[in-house]
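Trainee: predicted structure and sequence below. I'll ask about it afterward.
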Amino acid sequence: LWDSGAVRIRERAEADLGRCVELARVVHETDGYPVYLPDDLRSFLAVPHAIGAWVAERAGDVIGHVALHQRSSAAVMALAEAATGLPAPRLGVVARLLVAPTARRAGIGRALLDVAADRAVQLGRWPVLDVVTRHESGIKLYEAAGWSHAGQVTVTLGGVGPIEELVFLGPPPPQMQSPA
Ligand SMILES: CC(C)(COP(=O)(O)OP(=O)(O)OC[C@H]1O[C@@H](n2cnc3c(N)ncnc32)[C@H](O)[C@@H]1OP(=O)(O)O)[C@@H](O)C(=O)NCCC(=O)NCCS
């Protein structure tokens, strides 16, 4: 899917989940994402309604992860539906984006974002995502990648809240019209 020589992005396999859990633990300690560490990190990373999930691998190590989900929380979906003019089944939610602290600012986050968003577009879904307002590295990445702000919502994450989030829209898929 993406191969820079040293780093390769490929679909996540069941056998990767243990290493993805370790990655999520490190990123949580470093950046506070995910905001609350769930008891079951495997289920957090591999949600039943996922459309797809990918890993970035370097020298056999998993150094990045992203997923594409059918939905996010109700408030996020309502805002994304209003902003795109599309119903939830025509949206694809990019989620669970993490890059190892030792592998940052090398374009891996951007490449993972693009892989998930491209899959959404291939499936006729407009890519969207939600990000906690204090997760600045993510926000900077989405802005740099040309994603646009749809608005802000207040949500509960892992049963804890209120938490403020921004909702972003990916570049509109070519076949979809943006509402006037
Ligand atoms: C967000 C994250 C995935 C970015 O991964 P990354 O591999 O470092 O990102 P990239 O190298 O592809 O960055 C691409 C561009 O995004 C912007 N960007 C990314 N991280 C940034 C930061 N910390 N500060 C400012 N700009 C940043 C820059 O424009 C960057 O280009 P540049 O390096 O040429 O300036 C990573 O920082 C991370 O895992 N953060 C913690 C988890 C998290 O918050 N995930 C998002 C949850 S929704």
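Mentor: Here it is on my side, so go on. Numbering: from 1, shown residues only.

Trainee: which residues does the nearest residue to L41 once chain neighbours are set aside contact?
Mentor: Counting by Cβ to Cβ, 6 or more residues apart in numbering, L41 lies nearest to V21, which is 4.5 Å off, once chain neighbours are set aside. (Each C-beta comes from the backbone N, C-alpha and C, glycine too.) V21 makes contacts with 41-42, 45, as judged by Cβ atoms under 8 Å, 6 or more residues apart in numbering.

Trainee: phi, psi of V21?
Mentor: Main-chain torsions, V21, degrees, to the nearest 10: phi -60, psi -40.

Trainee: ok, stretch 129-146 near the ligand or not?
Mentor: Yes. Stretch 129-146 reaches the ligand (Cβ under 6 Å from any ligand atom) through 131, 135, 137-138, 140-141, 144.

Trainee: inside strands: which ones of those residues?
Mentor: Taking DSSP state E, the ones among those that sit in strands are V131.

Trainee: who wins for most neighbours among the contacts of V21?
Mentor: Neighbours were tallied for each of these (criterion: other Cβ atoms under 10 Å), and the maximum of 23 neighbours falls on L45.

Trainee: wait, that one sits on R96?
Mentor: Yes. Assessed by Cβ atoms under 8 Å, L45 is found in contact with R96 at 5.7 Å.

Trainee: and for these two, which residues touch both?
Mentor: Between them, L45 and R96 share these contacting residues under Cβ under 8 Å, 6+ apart: 53, 65, 67.

Trainee: ok, of those, which one's closest to the ligand?
Mentor: Compare each of those with the ligand using Cβ to the nearest ligand atom and the shortest gap goes to H65, at 8.9 Å.

Trainee: the closest one: what's it in contact with?
Mentor: With contacts defined as Cβ under 8 Å, 6+ apart, the neighbours of H65 are 12, 20, 23-24, 45, 53-56, 96-98, 112.

Trainee: neighbours of whichever residue of the chain sits closest to the ligand, how many?
Mentor: In the chain, the residue that lies nearest the ligand is G109 (2.4 Å; Cβ to the nearest ligand atom). Using other Cβ under 10 Å as the criterion, G109 is surrounded by 24 other residues.

Trainee: quick check: which element contains it?
Mentor: helix 108-122 (DSSP states H and E).

Trainee: all the helices of this protein, residue numbers only.
Mentor: Ranges of helices in the chain, per DSSP state H, are 17-31, 41-45, 74-84, 108-122, 136-144.
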